[in-house]
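Asks: my questions are about this predicted structure, shown below with the sequence.
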Amino acid sequence: MADGSALQPAAAIAHKNRARQPNESAEYRKAREALLIEEIELNRHIARVAAQRRALPPGGEVKGDYQFIGEASSVAGANPVGFEELFGDKDTLFVYNWMYGPKRQRPCPMCTALLSCLDGNADHLRQRIALAIVGLSAIERQIAFKVERGWKNLPFYADVNGNFSRDYHAIMDDGTDTAAENVFTRRDGTIRHFWGAELGFESADPGKRPDDRAGPDDAVERAGLDAGRSRDRLVPEDHLLSGRDGLPGAWSSGKGGDLPIRSRPAQDIRHVVIERLQLALSGLSAREHSALSD
């Protein structure tokens, strides 16, 4: 992104916008131009945050005793694989811990919705990065649910000893499993943590949930898909569970229980997939970034 001092004022850019919608009023255009100014500023802020994230110094080296059973090794008597094997032939690894521990009768419906969306993009992503969906349930149990949902492109792993999930914040203090997103890199033979989700209940503004948004703040909402926010319309449970209406923005009530599906307004389920994928892609090396445009 260009240096901030060289950027034109957002208001000047917005004023040059020639887009007009059929039958709009002067009042609408005035308000829309004011919104466009804020959208331009928001884009610039997102770019600054992305640059700051890419400039993070090397994260902590991965040294734990992490063992996983994957789908290919789920036959009886198979030996666990180590963490490095999750990378395959890639240098960047995105790990999503989903809430499907052995004490849960069914997986978290919000994780289910997220994975339904991620499955549709996984084939493209895995050309550049490695993906791993990690759960605490036995691999056979996870695969059974994967088949039930019709997921084709997501590689699942069972965390054999729970060490990885514990170290990378997928197990809460009371032992309850929770969702976590982490990105790792492998450079010159060394595996390091690059980024992990740290926006949570402790970092939320007072009186807000972690997923409460003051305005459109991601690519999905900027596309206009949060229309009807003020109407607080609800999404039918079967629609949410199928993943057809996007992603919920929070994983847990913070008390070890899933949030009530029918109480979540539609705007809450719009903003996760693209955001998570952007974060994963931020971990790519310069060589991999350039390859994306090939």
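Replies: In hand now; what should we look at?
Asks: which parts of stretch 145-162 are buried?
Replies: By neighbour count on 16 or more other CB atoms under 10 Å, the buried set for stretch 145-162 is 145-146, 149, 151, 154-160, 162. (C-beta placed from N, C-alpha, C; glycine too.)
Asks: just the ones of these in helices?
Replies: 145-146, 149 (DSSP state H).
Asks: adding distance to Arg29 and pLDDT, write these out as JSON lines.
Replies: Formatted as JSON lines, these follow (distance: CB to CB, whole Å; pLDDT from 0 to 100):
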{"residue": "Phe145", "distance to Arg29": "49", "pLDDT": "95"}
{"residue": "Lys146", "distance to Arg29": "49", "pLDDT": "96"}
{"residue": "Arg149", "distance to Arg29": "45", "pLDDT": "94"}
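Asks: so which of the residues you listed is the closest to Glu38?
Replies: If you rank these by distance to Glu38 using CB to CB, Arg149 comes first, at 38.1 Å.
Asks: for Glu61, give the beta-bridge partners.
Replies: Beta-bridge pairing for Glu61 (DSSP bridges): Arg192.
Asks: contacts only, for it.
Replies: By CB atoms under 8 Å, 6 or more residues apart in numbering, Glu61 lies in contact with 190-192.
Asks: PyMOL command to pick out the buried ones of those?
Replies: PyMOL command restricting these to the buried ones, with burial defined by 16+ other CB under 10 Å:
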select buried, resi 191
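Asks: which of the contacts of Glu61 sits closest to Ala50?
Replies: Of these, the one sitting nearest to Ala50 (CB to CB) turns out to be Arg192, at 19.3 Å.
Asks: against which helices or strands is the helix or strand hosting Asp119 packed?
Replies: According to DSSP states H and E, Asp119 maps onto helix 109-125. Judged by 3 or more CB pairs under 8 Å, 6 or more residues apart in numbering; DSSP states H and E, helix 109-125 is in contact with strand 92-97, strand 130-135, helix 139-149, helix 237-242, helix 273-281.
Asks: apply 7 Å and report the result again.
Replies: Packing partners of helix 109-125 (3 or more CB pairs under 7 Å, 6 or more residues apart in numbering; DSSP states H and E): strand 130-135, helix 237-242, helix 273-281.
Asks: confidence-wise, which of these is weakest overall?
Replies: Mean pLDDT across these is lowest at helix 237-242; the value there is a mean of 31.
Asks: wait, is Val183 part of a helix?
Replies: No. With DSSP: H, G, I helix; E, B strand; the rest coil as the criterion, Val183 is located in strand rather than a helix.
Asks: show me the beta-bridge partners of it.
Replies: Phe94, Trp195.
Asks: so it versus Trp98, what's the distance?
Replies: Val183 sits 16 Å away from Trp98, going by CB to CB, to the nearest Å.
Asks: so for these two, which sits in the more crowded spot?
Replies: Per other CB atoms under 10 Å, whichever of Val183 and Trp98 has more neighbours is Trp98, with 27 against 23.
Asks: ok, the more buried one touching Gly135?
Replies: Yes. Counting by CB atoms under 7 Å, Gly135 is a contact partner of Trp98 at 5.4 Å.
Asks: okay, now the unreliable bits of this structure?
Replies: The model of the chain has pLDDT under 70 over residues 1-5, 73-77, 209-294.
Asks: got the residue ranges for the strands in it?
Replies: Using DSSP state E, the strands of the chain run over residues 67-70, 81-82, 92-97, 130-135, 156-159, 180-187, 190-196.
Asks: of all those, which lies closest to Ala11?
Replies: The nearest among those, by CB to CB, is strand 190-196 at 33.6 Å.
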